[in-house]
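**Q** Sequence plus predicted model, see below.
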Amino acid sequence: MNMSFPTLAGSSAPDAMPPPDAGLSFGFMDAYTKSTALPSMPPAVAAEAAPAPASMGPSSTGSASNSAGNTPTPDSHRSSSKKASRLTWKGEEDVAMLTIVLGQRLRLRETTQYRKFWDKISELLLHQYGILRNTRQCRDRFNLLYAKGARNVTNNVTPCSERDKLLHNIVTTFKLSQKGHIVLQDATNSDLQFEPLSHQSLRQDAASDQLSEAPSDYDYSNIPPNNSILRPPSGPVPAIEWKNMSEMVNTLMNCTNGLAMEIQSLGERFSQLTEQMNYLQKRMDYTFMANPSNVRPPPPPPPPAIPQDQCYPYTYQSLDRPK
């Protein structure tokens, strides 16, 4: 049922009322909100007034962060300073590590695992010098020192200190492989490529050993005498072997000199202990003699001697029996 109302002249008719079962129109509410909304703030003021979002989880880089996450704290600064001081190497520590590495260089020919080599260096550094460094620290420090020694050799820098001499020695003794491992200078390409033996190669070696045990028809009469076997081979002698031998001799001489100095210091210590014992003995004698009860009376004087003229004359006739 439609109801109509009278309208004034010049005015439009009002809109029809919505049915009771229909809700309010969303368009009507939007228009009402826009008409009653407060004036908007400028963009700059709105940006300053908006609160900064606080992230409660890990950021895109994978680390947990908040509004004050990048601010350094005293605890973090203290821990970082301790870590830096812990990783600082002194000059005497470098000398000790380089000396141990040069002394253990022959282990590189016996082992194919470089980690075991640096484990041994770390162990000797702790036992001999009391310096606590792990395997990675020793290896990284050696690589840095090796690079510095290589620059000194390239620039013809004359070694002045003991550390510079050791740097020159490690550059002339070692080299770095393609994988960055430390190897000896005289190592061939086969020494740099360590391949595990397969089962087939092991079986071939066992078969060759069994064949070698069988009797052969070789004529042993053509073997030269022993004196010719012991002769040195012809051709130039490799200088690297003599260099290694000279270094070993120098190391033994240094050890001998160190033992001689220790023996001398032990002799001086023994002399000091002897002097202290003599002093204590004198003090004990003086204390003993100062007590009157410990003083013995002087011995009696010897009897007087009888003059020679008062002695009874002794003759052979006085001993004769009377006839």
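**A** Arrived safely. Numbering: from 1, shown residues only.
**Q** all strands in the stretch 101-250 of the chain, in order from the N-terminus.
**A** Taking DSSP state E, counting those that start in this stretch to define them, one finds strands in the stretch 101-250 of the chain at 174-176, 182-184.
**Q** Let me know the average pLDDT across the first one.
**A** Read that as strand 174-176. Confidence over strand 174-176 (mean pLDDT, whole number) is 87.
**Q** just the last one next, same as before
**A** Model confidence over strand 182-184 averages 86 on the pLDDT scale.
**Q** buried residues in stretch 104-119?
**A** Going by neighbour count (16 or more other Cβ atoms under 10 Å), the buried part of stretch 104-119 is 105, 108, 114, 117-118. Just so you know, the C-beta spots here come from the backbone N, C-alpha and C atoms, and that holds for glycine as well.
**Q** got the contact list for it?
**A** Residues from elsewhere that reach stretch 104-119 (Cβ atoms under 8 Å, 6 or more residues apart in numbering): 120-121, 124, 135-136, 138-139, 173-174, 181-184, 187, 191, 194.
**Q** pLDDT wise, what is Gln310 at?
**A** Looking at Gln310, its pLDDT is 66.
**Q** which stretch of helix or strand covers the closest residue to Tyr129 other than its chain neighbours?
**A** Spatial nearest neighbour of Tyr129, excluding adjacent residues (Cβ to Cβ, 6 or more residues apart in numbering): Ala96 at 4.5 Å. When secondary structure is defined using DSSP states H and E, the element that contains Ala96 is helix 91-103.
**Q** And that helix, what does it pack against?
**A** In terms of contacts (3 or more Cβ pairs under 8 Å, 6 or more residues apart in numbering; DSSP states H and E), helix 91-103 is packed against helix 114-129, helix 135-154, helix 162-173.
**Q** To Val249, which of those helices lies closest?
**A** helix 162-173 (14.6 Å; Cβ to Cβ).
**Q** packing partners for that closest one?
**A** The contact analysis (3+ Cβ pairs under 8 Å, 6+ apart) places helix 162-173 against helix 91-103, helix 135-154.
**Q** how about it: buried residues?
**A** Across helix 162-173, burial judged by 16+ other Cβ under 10 Å covers 163, 166-171, 173.
**Q** Flag the shaky bits of the stretch 201-323 of the chain, pLDDT-wise.
**A** Low-confidence segments of the stretch 201-323 of the chain (pLDDT under 70): 201-243, 292, 294-295, 309-323.
**Q** Give me the distance between Ser177 and Ile263.
**A** With distances defined as Cβ to Cβ, to the nearest Å, the gap from Ser177 to Ile263 amounts to 43 Å.
**Q** and the two? which has more neighbours close in?
**A** In terms of neighbours (other Cβ atoms under 10 Å), Ser177 is the more surrounded of Ser177 and Ile263; the figures are 14 against 10.
**Q** I'd guessed the more buried one sits against Val183; true?
**A** Yes: applying Cβ atoms under 8 Å as the test, Ser177 and Val183 come out as touching, 5.3 Å apart.
**Q** For the strands of the stretch 101-250 of the chain, give me a markdown table that also has distance to Leu144 and mean neighbour count.
**A** Formatted as a markdown table, the entries for those read as follows, by distance: least, Cβ to Cβ, whole Å; neighbours: other Cβ atoms under 10 Å:
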| stretch | distance to Leu144 | mean neighbour count |
| --- | --- | --- |
| strand 174-176 | 12 | 16 |
| strand 182-184 | 13 | 18 |
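**Q** Dump these into JSON lines; add distance to Asn250 as well.
**A** Written out in JSON lines, the entries for the strands of the stretch 101-250 of the chain read as follows (distance: least, Cβ to Cβ, whole Å):
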{"stretch": "strand 174-176", "distance to Asn250": "17"}
{"stretch": "strand 182-184", "distance to Asn250": "18"}
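**Q** out of those strands, which comes closest to Asn257?
**A** Minimum separation from Asn257 across these (Cβ to Cβ) falls at strand 174-176, 25.7 Å.
**Q** In the sheet, which strands lie alongside that closest one, parallel or antiparallel?
**A** In its sheet, strand 174-176 lies beside strand 182-184 (antiparallel), with partners assigned from DSSP bridges.
**Q** Please list the residues outside the strand it pairs with that contact it.
**A** Residues from elsewhere that reach strand 182-184, judged by Cβ under 8 Å, 6+ apart: 105, 108-109, 114, 117, 142, 146, 173-177, 191-192.
**Q** what number of residues lie near the closest residue to Leu87 other than its chain neighbours?
**A** With sequence-adjacent residues excluded and distances taken as Cβ to Cβ, 6+ apart, Leu87 is closest to Gln137, at 6.8 Å. For Gln137, the neighbour count with other Cβ under 10 Å is 17.
**Q** hang on, Gln137 packs against Glu93?
**A** No: contact between Gln137 and Glu93 fails when scored by Cβ under 8 Å: they sit 10.4 Å apart.
**Q** for the buried residues of stretch 104-119, which one is nearest Pro301?
**A** Checking the buried residues of stretch 104-119 against Pro301 with Cβ to Cβ, the nearest one is Arg105 at 83.6 Å.
**Q** Can you pull the phi and psi angles for that closest one?
**A** Note on Arg105: backbone dihedrals following degrees, to the nearest 10 are phi -70, psi -30.
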